[in-house]
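Q: Okay, predicted coordinates and the sequence, questions at the end:
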Amino acid sequence: MFNNIGELITKRYKWIILLSIIATIFALVGISKLKMQTDMMDLLPAGEPEVAVYDHAIKNFVGMDTVIVAVEGENKESIIKYIQDHVEIAIKGHGIDSITYKTETEYLEKNGLLLVKEKDLNNMKGMLTASSLKGFVKGLNDNFEKEYTASGDSEKLSKDRVEMLSMLSTVNNFVGFLGEKRASHFEIIENSNEFIRGPTYMISHDGKMGLIFLRTSLDLADIEGIGMMVDGLERGLKAEEKDYGVVVTLTGTHVLQRDEMVATERDMSLTAVVSLVLVLLVFLLGFGYLRYAGLAAIPLFVGIIWALGATYLVFGTLSLFTAMMGAILIGLGVDYAIHVMSIYTEMRNEGKDIPESIMLVFTKTGRGVVTGAVTTAIGFMMFSVSSFKGFQEFGIALGLGIIMTLLASILLLPALLMIFGKAKVGVKDRVGNAISFIEHIVVNHAWMTIVIVAVLFVVSLFGIPNVKFSKNMLDVEPVGLPGLEVRDRIMDKFSFSSESSMIISDTLEDAIKLKDKLDDLSSVGIVDSVAQYLPSKEDQAARMKNIDSIKAAVKNNADTNIYAEALKNELLRLEDNLIELSDLAYIGGEHNIVKKIDDIVNSKVLLKTSRNVQKNKARIGIVQNYFIENLQKKVKSVNSSKVIGFYDVPKNVRTNYVGKDGTYISTVYPKGDPWHADFQDLHLAQLRGMGEKMTGSISVVNKMITISGQQGRNVLIYTVIAIFFVLLLDFRSLKYATLAMLPMGITLGSLLGIMGWFGINFNFVNIIALPLIIGIGVDDGVHIIHRYLIEGKVEPAVRSTGRAITLTTLTTCVAFGSFLLATYRGFVSFAVLIVTGIALAYFTTLFLVPSIISIWNHNGNGKNGRKK
Amino acid sequence: MKKLLILFAFLLFVTPIFGDDEISTKEAEKVKEILVEMENAGDYTTTTGKAVMRIVDSEDRETVMRLVSFEKKGTIEAEDDMSLMRFTYPARLKGTAILTVGDNIWYYNNRSNRVRLLSQSAKKGSMMGSSFSYDDLSAKYSEDYIGKIIKDEKAYYILKLFPNDKGKKFKYMIVRVRKEDNIPELIEYYNDEDLKYKEMKSTNIKEVDGRTVPLSISMYDIEEGKITYFEIDEKDVKYEVELKDDIFSERNLRK
């Protein structure tokens, strides 16, 4: 068959070139329409509950995907001014449905106490019913002591982190008014209001970051639309940032999707270019002749263009996995060109003419090249049997890609050689000396070689128990994206984790009950639910009685006496409470709370104010009047008679929680690190135990890890079986099929051991390396055995084929190694694994296979060659 | 000191048992024997020592504290076990102390110069933000637990222990006890959903002053993502030293 192909090429080479050009033009049209799809949800099987719930949620809830705008500046005044003056104008015309940058102050002032649990209401009673500042500070102290310091436990402090930081900011301002700070009556009244309903704007505790939430119903599948929306928003929002002295950064699912798309496209281009340059350099070093390096590049390019065109036809988009195909195909595709070129140049140097040299290429290496390509393609194609969509696409696209580059190498390259391969070349054999040394070792010291390989293999095996599967999404995410970096800063300043789980409830009652159940879970930090604004009717009824008793205890006017001595003592008690709180926070690792309290305590504002109460009596009297009378007015007017219903909740809030189909969404933020394996298992088991419909990044990544781990293992098993079957068909000998596979078993075991020794973990991207190492690595053994069977001797098989497989291994390694430059950590970890694996496969094959054949020959079990 | 360590190592919480975990009387008695051996391991009446407590949070931020500790076991006259831990580092915590006498816990903050008797419910919570609870200081495991032997290995007993007190946070714990010295080397805590949420390891087990002691104990709190390491300074551990009762007094806390 290979003779026929050789004849066809030597006779019809111009037609082959013409047909290749036509196919390339068609493929280029497809490539121009190919887009990146970086949404991880898109990689999971459609039948997964997480995907179904996510699809349902994305269609129903406006607030499902939010663009978060972080406004950072030196002080909160400039941040608030930017938000007030600029934001609404800047976002116009960019597909935003709603904007939130203020809390619902009116609703919270009116109904805020109905939202507070009875125990907390009781603890707050002293503050709310105070008729003097002395009474208010006493109530504050009592509250701190009952809630926190009496238990000597920082656990509650951690749970209340957000509220505590907000409360400390309000306390800090309040104490300032009593001291030297001059304040308008508006500021004093606002401070008084903040004790009831929290601050108006979403400003961090240190006053250096403000948040704005923009909601869009733009579908995440609309890749182009997302890119345009985020670009437009970014331009608009950043346009005047310098005028306000702030820095604006965007984050959120849509923004990260855009950023990741840009990063992936950059990774694709960079790795493909670096891979190509390095591969051609290796080629040049191997053959030492620029013309042939250039000729080898042409089928490589053409094969990749065909592969990408086929990917467009089959899938329409590139995923996180298929984005790697350019660089992978450069590394693998060039192997076929190397084998063709290696024999071609050898024959030309022996004085054969061009047609004869091409015919000999097919006779000597055609079968080995095709078998090698088929085993590699099987390595990829086996991914297509996986139910993990990411693997399926990767397998089909790369499997097709291998076939395309093979066809280009065995059809187009010889056709091109018919025109451009006239020159004889003086091949510079730079790898020959090293190969001769290996040849000497494996032929003359076969047993010793086998023993050394066995010892190294056994030593490496001890590392295997340390190999783990990472459950951390950050292990695959890109580094250095502004959207990811600001996400970390937001987490730090607001304790607002961007990783969350969404749970859908069918009715309002279910959503409210769910909030109570979630609050009791040990792994849950914050629950964002409509229940925050709307407690159950029973809870409201119970709280109304408490609120009525609080209202009854509120006087109509502030006292005229400031009770200077008592106020002084309460201020000193407040200082003591803050000190104890900060020590609890210090040991509990609540660094933001420590800093906030230390700032207050170290400024000595409480000490100074307490010392100067008498001196500032008149001013404190004025503050008391404004502060307490406002507090009394607000508490008296608070709702304690009308049970609030869903439609009493402000529309802007309602739309965040209720879907178009009348279902309700609750967002759960974890207490611990969701990417820590033990915590992730615990957290998800608790959430799944709620028996509700759940989705979100944590469960999706967990699902991806579980599926990719299972599927990766299955694909590996299928690959080994399928390749072994192909080898049996090819060699028609169990002995040689087993010999070709043996180095792969040793490679896999050693690789796992090395991973364990060096602390390299699997993740859902690099797991794909294992079947590929088998698919790619087995080629080396196939070529050596084929050459041995043709020549009947080990020496030429090692010398001649050894040179070619050294070059192919080098090109494959530099091509995969180019992923080390990627921003996606998943690509980098993949590169580390596959380069190590392929290098191991190469060395194991080169030392082990010829050694075993040598021993067989020595014992008379070898074959004296199939044919010459 | 050893007692303090083993108690540290042996968090107590509680819930009911039964179902698949029915325990025969014979088995319960055998487990009780092992637990008594654990209590008696390196028995002492008083101990003093110095230790370092390191808390590493989920973001790998580390908080280091040093402390001195005094412990005196209960006697017929004064039944309550007594312990005092006083922080010596960092400066902000220097002098701050925790006194435990029987079921009562006093917390003294040196900076505010206030002593506070902690609420009874505080005992179940975290001790000063660490992964250990105050309850750990008052464990009497032969009295507080019943259980079964899951595995009787050459070097270890693997026990499944259920707390008698139904108010505890955990449903059961799996304990790996070294047969050679009765030290609980590993304790895993499981909640009502059979999910592990805490894990304690004793390492660097050495003979000190005639007693076998784990010089390093770590408690990994999976829910918080926090690990607390409690490491004892080997050269400063002393046993059977004279400790007057007034060391363990509220008045002494302020010294």
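A: Structure's in. What do you need?

Q: And the residue of the stretch 451-600 of chain A closest to chain B?
A: Closest residue of the stretch 451-600 of chain A to chain B, CB to the nearest CB: residue A:588 (3.0 Å). All C-beta atoms are positioned from the backbone trio N, CA, C, and that covers glycine.

Q: and that residue, how many neighbours does it have?
A: Using other CB atoms under 10 Å in any protein chain shown, residue A:588 has 26 other residues around it.

Q: Distance-wise, check it relative to residue A:670.
A: In this view, residue A:588 and residue A:670 are 17 Å apart by CB to CB, to the nearest Å.

Q: hmm, back to that, pLDDT score assigned to the residue of the stretch 451-600 of chain A closest to chain B?
A: pLDDT for residue A:588: 76.

Q: From residue A:275, how far off is the residue nearest to residue A:321 when sequence neighbours are not counted?
A: Closest residue in space to residue A:321, ignoring its immediate chain neighbours: residue A:394 at 3.8 Å, by CB to CB, 6 or more residues apart in numbering or on different chains. Distance of residue A:394 to residue A:275, computed by CB to CB: 17 Å.

Q: Show me which residues of the stretch 601-750 of chain A are close to chain B?
A: By the rule CB under 8 Å from any CB of the partner chain, the part of the stretch 601-750 of chain A lying against chain B is A:671-673, A:676, A:678-679, A:681-682, A:685-686, A:689.

Q: among the residues you listed, which ones are buried?
A: The neighbour count (16 or more other CB atoms under 10 Å in any protein chain shown) marks A:671-673, A:676, A:678-679, A:681-682, A:686 as buried among those.

Q: got the contact list for the residue nearest to residue A:321?
A: For residue A:394, the contacting residues are A:319, A:321-322, A:324, A:380, A:383, A:768, by CB atoms under 8 Å, 6 or more residues apart in numbering or on different chains.

Q: can I get those in JSON lines with neighbour count, distance to residue B:169 and pLDDT?
A: Shown next, in JSON lines, are the contacts of residue A:394 (neighbours: other CB atoms under 10 Å in any protein chain shown; distance: CB to CB, whole Å; pLDDT from 0 to 100):
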{"residue": "A:319", "neighbour count": "24", "distance to residue B:169": "44", "pLDDT": "81"}
{"residue": "A:321", "neighbour count": "25", "distance to residue B:169": "43", "pLDDT": "79"}
{"residue": "A:322", "neighbour count": "26", "distance to residue B:169": "48", "pLDDT": "82"}
{"residue": "A:324", "neighbour count": "30", "distance to residue B:169": "47", "pLDDT": "78"}
{"residue": "A:380", "neighbour count": "29", "distance to residue B:169": "50", "pLDDT": "82"}
{"residue": "A:383", "neighbour count": "28", "distance to residue B:169": "45", "pLDDT": "82"}
{"residue": "A:768", "neighbour count": "30", "distance to residue B:169": "42", "pLDDT": "83"}
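
Q: Which of these fall in helices?
A: In this view, the contacts of residue A:394 that belong to helices under DSSP state H are residue A:380.

Q: what would the contacts of residue A:394 look like in JSON lines with distance to residue A:4?
A: Listed next are those as JSON lines, based on distance: CB to CB, whole Å:
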{"residue": "A:319", "distance to residue A:4": "39"}
{"residue": "A:321", "distance to residue A:4": "37"}
{"residue": "A:322", "distance to residue A:4": "34"}
{"residue": "A:324", "distance to residue A:4": "36"}
{"residue": "A:380", "distance to residue A:4": "27"}
{"residue": "A:383", "distance to residue A:4": "33"}
{"residue": "A:768", "distance to residue A:4": "36"}
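
Q: which of the contacts of residue A:394 lies closest to residue A:336?
A: Closest approach to residue A:336 among the contacts of residue A:394 (CB to CB): residue A:380, at 14.8 Å.

Q: if I pick the closest one, what's in contact with it?
A: Residue A:380 makes contact with A:394-396, A:398-399, A:401-402, A:771-772, A:775 under the criterion CB under 8 Å, 6+ apart.

Q: Let me see the ranges of the helices in the stretch 551-700 of chain A.
A: Remark: helices assigned in the stretch 551-700 of chain A by DSSP state H, counting those that start in this stretch are A:564-587, A:591-602, A:605-611, A:617-637, A:651-657, A:677-688, A:697-731.

Q: now for the fourth one, which elements pack on it?
A: Using 3 or more CB pairs under 8 Å, 6 or more residues apart in numbering or on different chains; DSSP states H and E as the contact definition, the elements that helix A:617-637 packs against are helix A:133-144, helix A:161-178, helix A:185-197, helix A:537-553.

Q: Could you rerun that using 6 Å?
A: Packed against helix A:617-637 by the contact rule (3 or more CB pairs under 6 Å, 6 or more residues apart in numbering or on different chains; DSSP states H and E) you find helix A:185-197.
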